[in-house]
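Student: quick one, structure for this:
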Amino acid sequence: MSGRVKGRTLIARDEGDDVDGVLIKLYGEETNGAVSIIEQLFEPGLLLPPHIHQNDVWLHVHEGEMHARVGEEVVRATPGCWVLKPRRIPHTMWNAGDEPARITELYTPGGFELFFRDFADRLRQGPVTLDELNHLGEPHGIRFFDDWIPDLKAAYGLQVVGE
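Tutor: A predicted model of the protein is given here:
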């Protein structure tokens, strides 16, 4: 395959770079930017701030359950489900269950996995505001907003990641 940079045939279950609980399994640079993959535990009661970005995200639930809002549609994903969060469509996700959810996200094109390093570095300093998230997200093509947060927090008893 002439387009592969460092691609691997096998990525073992315990392989990847751990960035404060986000396991980067495959970097975009390993696929000439075509795709990147992360895996993580998503704790109960957490809400990822609503956002929009320039890549497609495929969310796969291995254990637990996740909810997602994509545009006006809300879905509940259980083990084995895939959820598409398309580029340039506002979306968010949360864990309203009682157990952590183990998830994989596949990003096309790749490169977005680098946002998690920047976010983890900032989060070690304390709570993160929406303005700070947008500053961190700008180089990675992501913009956060708070339009849905009050309703989702009230409906599901959630806390926003980074608060």
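Student: contacts only, for the nearest residue to residue 44 once chain neighbours are set aside.
Tutor: Spatially, and ignoring its direct neighbours in sequence, residue 44 is nearest to residue 95 (5.2 Å; CB to CB, 6 or more residues apart in numbering). Bear in mind the C-beta positions are built from the backbone N, C-alpha and C, glycine included. Each residue near residue 95 by CB atoms under 8 Å, 6 or more residues apart in numbering is listed here: 42, 43, 44, 45, 46, 64, 65, 66, 67, 101.
Student: which strands and helices lie in contact with the helix or strand bottoming out on mean pLDDT in the chain?
Tutor: For the chain, using mean pLDDT, DSSP states H and E, the weakest element among its helices and strands is helix 114-123, scoring a mean of 87. With contacts defined as 3 or more CB pairs under 8 Å, 6 or more residues apart in numbering; DSSP states H and E, helix 114-123 has these neighbours: strand 17-19, strand 22-26, helix 130-137.
Student: go with 7 Å
Tutor: strand 17-19, helix 130-137 (3 or more CB pairs under 7 Å, 6 or more residues apart in numbering; DSSP states H and E).
Student: now do the contacts for the residue nearest to residue 43 when sequence neighbours are not counted.
Tutor: Once flanking residues are discounted, residue 43 sits nearest to residue 100: 5.4 Å by CB to CB, 6+ apart. By CB atoms under 7 Å, 6 or more residues apart in numbering, residue 100 lies in contact with 41, 42, 43, 44, 64.
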